[in-house]
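A.B. asks: need a structure here:
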Amino acid sequence: MQDDGPTEESTASPARGGRTSAAGTALEKSMRILEAVAAPGGPHRLTDVAAAAAVPKSSAFRILASLTEQGFVRPESGARYGVGPRLRGLSALVSGGEPPSIGRVLGELRESVGQTVHLALHSGEALTYIRKLESDQPFQTASRVGMRMPLHSTAIGKSILAHLPEEEVRALIASAGLPRRTPRTLTDPQALLAELEAVRARGFAVDDEENEPTIRCIGAAVLGPDGRPIGGVSVTTVAFLVSREEIEAYAPALRTAAKALVPLL
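C.D. replies: Next up is the predicted model:
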């Protein structure tokens, strides 16, 4: 990792009313960093965020990484940081304005398929759920907002992997491994790579009880302007009520939602 500047123990120039860089609890620092990221003129450089929040660059980098995983901050090109979808959604709720556009897209998808819908962001070796809309079905899934999930065994995860260069996928496999989550999990690298090729060809991925017994999902990647996956959206069902053929029939509505989310993430 590149040198991110001074350590926690070092002293930086006072900022914002004379506070030193070490001032405040971890929560206070996180709140100041969010304020700095949301300030006009963004996305902002790490150096500028750290200075505005009066937090050492090394600490700011770690906090920004955590906020990115949770969807409150979004990394941009040029090592800059902008407002993430969860922060935008929170802002809309507090201001009492119209429901966030992301919520409308996900709500329309849930209405169309009648099943639970998830939105997740890609972060390193995993994905993080940032939105979940439960269905009206007489069952609930164990997933929750903020939960980190593996890439190789989930529908969203496989749709993300399918849009990464093969050498990057191999590096992720070498680093994170392919732990068996259920008897159906793909744990052989070549089998997973073959599956990812099929995902690219059809435009969606299927988790057929590969991450959790009795749970069947279909997922599609949400791609950034550079073609790299930002995250993904999925439809989740229970295997004993919805067959694989039936869940694959949701693919057109799923792909429409994924495209609609592109400018919103």
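A.B. asks: following the helix or strand bottoming out on mean pLDDT in the chain, which helix or strand shows up next?
C.D. replies: Lowest mean confidence among the helices and strands of the chain (mean pLDDT, DSSP states H and E): helix 85-95, at a mean of 71. Heading C-terminal from helix 85-95, the first helix or strand you meet, by DSSP states H and E, is helix 101-113.
A.B. asks: now for that following helix, which elements pack on it?
C.D. replies: The contact analysis (3 or more Cβ pairs under 8 Å, 6 or more residues apart in numbering; DSSP states H and E) places helix 101-113 against helix 85-95, strand 116-123, strand 126-133, strand 229-238, helix 251-261. C-beta: built from backbone N, CA, C; applies to glycine.
A.B. asks: so how far is the third one from its chain's centroid?
C.D. replies: Going back to what we said before, that points to strand 126-133. 6 Å (Cα atoms, centre = their mean, to the nearest Å).
A.B. asks: Identify the residues contacting that strand?
C.D. replies: 69-71, 85-86, 89, 102-103, 106-107, 110, 116-121, 143-151, 154, 156-157, 160, 176, 231-232 (Cβ atoms under 8 Å, 6 or more residues apart in numbering).
A.B. asks: can you rerun that using 6 Å?
C.D. replies: Contacts to strand 126-133, defined as Cβ atoms under 6 Å, 6 or more residues apart in numbering, come from residues 69, 71, 86, 106, 110, 117-121, 143, 145, 147-149, 156-157.
A.B. asks: Are any of those residues buried, and if so which?
C.D. replies: With neighbours counted by 16 or more other Cβ atoms under 10 Å, the contacts of strand 126-133 contain buried members at 69, 71, 86, 106, 110, 117-121, 143, 149, 156-157.
A.B. asks: Show me where the stretch 51-200 of the chain dips below the pLDDT cut-off.
C.D. replies: 89, 92-100 (pLDDT under 70).
A.B. asks: Pick out the most distant pair among the buried ones among the contacts of strand 126-133.
C.D. replies: 69 and 110 (24.4 Å; Cβ to Cβ).
A.B. asks: Tell me which stretches of this protein form helices.
C.D. replies: Remark: helices assigned in the chain by DSSP state H are 26-38, 46-53, 57-69, 85-95, 101-113, 155-161, 166-176, 189-202, 244-248, 251-261.
A.B. asks: With only the CA atoms kept, save the first one in CSV.
C.D. replies: Okay, so that is helix 26-38. This file holds the C-alpha atoms of helix 26-38, laid out as CSV (Å, rounded to 0.1, in the frame of the first residue of the first chain):
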residue,chain,number,x,y,z
ALA,A,26,-13.5,7.6,16.0
LEU,A,27,-17.2,8.5,15.5
GLU,A,28,-16.5,12.2,15.5
LYS,A,29,-13.8,11.8,12.9
SER,A,30,-16.1,9.7,10.7
MET,A,31,-18.7,12.4,10.9
ARG,A,32,-16.3,15.1,9.9
ILE,A,33,-15.0,13.0,7.0
LEU,A,34,-18.6,12.6,5.8
GLU,A,35,-19.1,16.3,6.0
ALA,A,36,-15.9,16.9,4.0
VAL,A,37,-16.8,14.4,1.3
ALA,A,38,-20.3,16.0,1.0
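A.B. asks: Please spell out which residues along that helix are buried.
C.D. replies: For helix 26-38, the neighbour count (16+ other Cβ under 10 Å) marks 29, 30, 32, 33, 34, 36, 37, 38 as buried.
A.B. asks: what do you get for the third one?
C.D. replies: By neighbour count on 16+ other Cβ under 10 Å, the buried set for helix 57-69 is 57, 58, 59, 60, 61, 62, 63, 64, 67, 68, 69.
A.B. asks: again, but for the longest one
C.D. replies: Taking 16+ other Cβ under 10 Å as the basis for neighbour counts, the residues of helix 189-202 that come out buried are 192, 193, 195, 196, 199.
A.B. asks: got a list of what the first one touches?
C.D. replies: With Cβ under 6 Å, 6+ apart as the criterion, the residues that contact residue 192 are 152, 186.
A.B. asks: ok, now with 10 Å
C.D. replies: 151, 152, 153, 158, 161, 169, 170, 173, 178, 185, 186 (Cβ atoms under 10 Å, 6 or more residues apart in numbering).
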